[in-house]
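Asker: Based on what follows, work out the 3D shape:
(one chain, ligands or ions: 4)
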Amino acid sequence: HAKTMGKNNCQFYSSELNQIVHEHLLLEASLGRAIREHELVLGYQPKVDLRTGKVVGAEALVRWQHPVDGTISPERFIPVAEETGLIVPLGEWVIDEACGALKAMDALAVDDFVISVNLSARQLRQRQFADRLAATLARHGINPGKLELEVTESQLMDRPEEAMEVLAQLKALGVRLSIDDFGTGYSSLSHLQKFPVDFIKIDRSFLRDVPHDGHLVITRAIIALGHNLKLKVIAEGVETREQLTFLRDHDCDQMQGYYFSPALSQQTLQEMVSRDARLPD
Ligand code: C2E
Ligand code: MG
Ligand code: MG
Ligand code: MG
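Answerer: Ligands and ions are numbered 1, 2, ... in the order given. This is a model prediction of the structure:
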């Protein structure tokens, strides 16, 4: 069957490829405009302490509110931004916004509330990234300990020695660091031990079909590994009561996920924190 379709198949693939390239070009052209014209917005997904049930922070997640196409997921445009270099201005905008949100939380007198932002390796590799970040924090009057930077395991392990150097500078600045999507990359354990990070985030794929035995074993192993390295562990993508119970039973420190809340507008997040919303027992 495949053989007789050979020629058509080929056409099929090339037109699909064309479409991908076409979409890519469209995105590239309009993403620059989106940044300038403020079509990007941040959603804030609450993070909860599993022992107290309190909201202890939030992860800033970027969304593109396209005037014609509606909301575009970061999974579609972040890769384009990374390839074109637009990730640098985009990332600066994200940090600036997150600092503004932190300032607003300060006004609510929430003491140890932390906001995390996602970073691309390309941002980390910028010259003087740490110095520029320090300047941004100072301009907003933000205690660096209130900002957390998330970098994925695969991006860190891509050039681990280089990453180590920048992470050390960032650590010296006092910001919090976490390894995102942990378990999906290929960590060298010796590197992992040397990275000056505070948190590891268990990738949501390991929780997806809890109680699936294989994944339970991995989740448990990651929590133990993190704790042995004196790191805190957060699980992302928690959607069910069963997953939550499992994480509590295995001493995971924090969680985020639809079971508690999706990403919220800054205002809704503030309201949630003001009324001291908690994760049910
Ligand atoms: P991530 O950092 O691993 O973020 C977690 C993703 O899981 C988010 O998707 C979030 O909305 C989603 N999520 C949260 N809870 C649940 C849940 O219970 N179930 C399920 N199925 N999903 C959940 P989102 O917002 O689409 O972001 C996707 C990725 O895009 C992020 O993955 C991150 O890698 C990247 N990203 C988002 N914002 C930024 C940014 O400002 N800069 C950079 N460089 N990357 C970003
Ligand atoms: Mg993240
Ligand atoms: Mg993640
Ligand atoms: Mg992810």
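Asker: The closest residue to ligand 1 within the stretch 101-250 of the chain pairs with what?
Answerer: Proximity of the stretch 101-250 of the chain to ligand 1 (Cβ to the nearest ligand atom) peaks at residue 118, 3.7 Å away. Just so you know, the C-beta spots here come from the backbone N, C-alpha and C atoms, and that holds for glycine as well. Beta-bridge pairing for residue 118 (DSSP bridges): residue 150.
Asker: That one contacts residue 61, correct?
Answerer: Yes - counting by Cβ atoms under 8 Å, residue 61 is a contact partner of residue 118 at 7.5 Å.
Asker: between these two, which one's more packed in?
Answerer: Neighbours were counted for residue 118 and for residue 61 using other Cβ atoms under 10 Å; residue 118 has more, 21 against 18.
Asker: show me what contacts the more buried one?
Answerer: Shown in contact with residue 118 (Cβ atoms under 8 Å, 6 or more residues apart in numbering): 59-62, 94, 150-151, 180.
Asker: Within reach of ligand 3, which of the residues you listed are there?
Answerer: Among these, the residues within reach of ligand 3 (Cβ under 5 Å from the ion) are residue 180.
Asker: What about the contacts of residue 118, which are in helices?
Answerer: residue 94 (DSSP state H).
Asker: Dump the contacts of residue 118 into TSV; add distance to ligand 1 and pLDDT as well.
Answerer: Supplementary listing: the contacts of residue 118 in TSV, determined by distance: Cβ to the nearest ligand atom, whole Å; pLDDT from 0 to 100:
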residue	distance to ligand 1	pLDDT
59	7	98
60	6	98
61	4	98
62	4	97
94	4	96
150	6	98
151	9	96
180	5	96
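Asker: so which of the contacts of residue 118 comes closest to residue 257?
Answerer: Among those, residue 59 lies closest to residue 257 (Cβ to Cβ), at 10.8 Å.
Asker: which among the contacts of residue 118 end up buried?
Answerer: For the contacts of residue 118, a burial check counting by 16 or more other Cβ atoms under 10 Å picks out 59-62, 94, 150-151, 180.
Asker: What is the three-state secondary structure of residue 116?
Answerer: Of the three states, residue 116 takes strand under DSSP: H, G, I helix; E, B strand; the rest coil.
Asker: Quick check: residues of the stretch 1-150 of the chain near ligand 1?
Answerer: Neighbours of ligand 1 within the stretch 1-150 of the chain, by Cβ under 6 Å from any ligand atom: 45, 61-62, 73-75, 78, 91, 94, 117-120, 150.
Asker: so which of those also contact ligand 2?
Answerer: Within the set of these, contact with ligand 2 (Cβ under 5 Å from the ion) is found for 118, 150.
Asker: Can you list the low-confidence ranges for the stretch 101-250 of the chain?
Answerer: Scanning the stretch 101-250 of the chain for pLDDT under 70 picks out 109, 211-212.
Asker: what pLDDT does residue 4 get?
Answerer: pLDDT recorded at residue 4 is 46.
Asker: What is the end-to-end distance of stretch 31-49?
Answerer: 36 Å (Cα to Cα, to the nearest Å).
Asker: how about the residues of the stretch 51-200 of the chain near ligand 3?
Answerer: 180-181.
Asker: near ligand 2, which residues of the stretch 51-200 of the chain?
Answerer: 118, 150, 180.
Asker: so who does the second one touch?
Answerer: This points to residue 150. With contact taken as Cβ under 8 Å, 6+ apart, residue 150 is in contact with 59, 116-119, 178-180, 201.
Asker: before we move on, back to that, can you put the residues of the stretch 51-200 of the chain next to ligand 2 in JSON lines and add distance to residue 16?
Answerer: Below are those laid out as JSON lines (distance: Cβ to Cβ, whole Å):
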{"residue": "118", "distance to residue 16": "29"}
{"residue": "150", "distance to residue 16": "33"}
{"residue": "180", "distance to residue 16": "30"}
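Asker: Just the closest of the buried ones among the contacts of residue 118 to residue 168, please.
Answerer: Distance to residue 168, by Cβ to Cβ, is smallest for residue 151 among these, at 13.4 Å.
Asker: In the stretch 101-250 of the chain, what residue spans correspond to strands?
Answerer: Applying DSSP state E, counting those that start in this stretch to the stretch 101-250 of the chain gives strands spanning 114-118, 147-152, 176-182, 199-202, 232-235.
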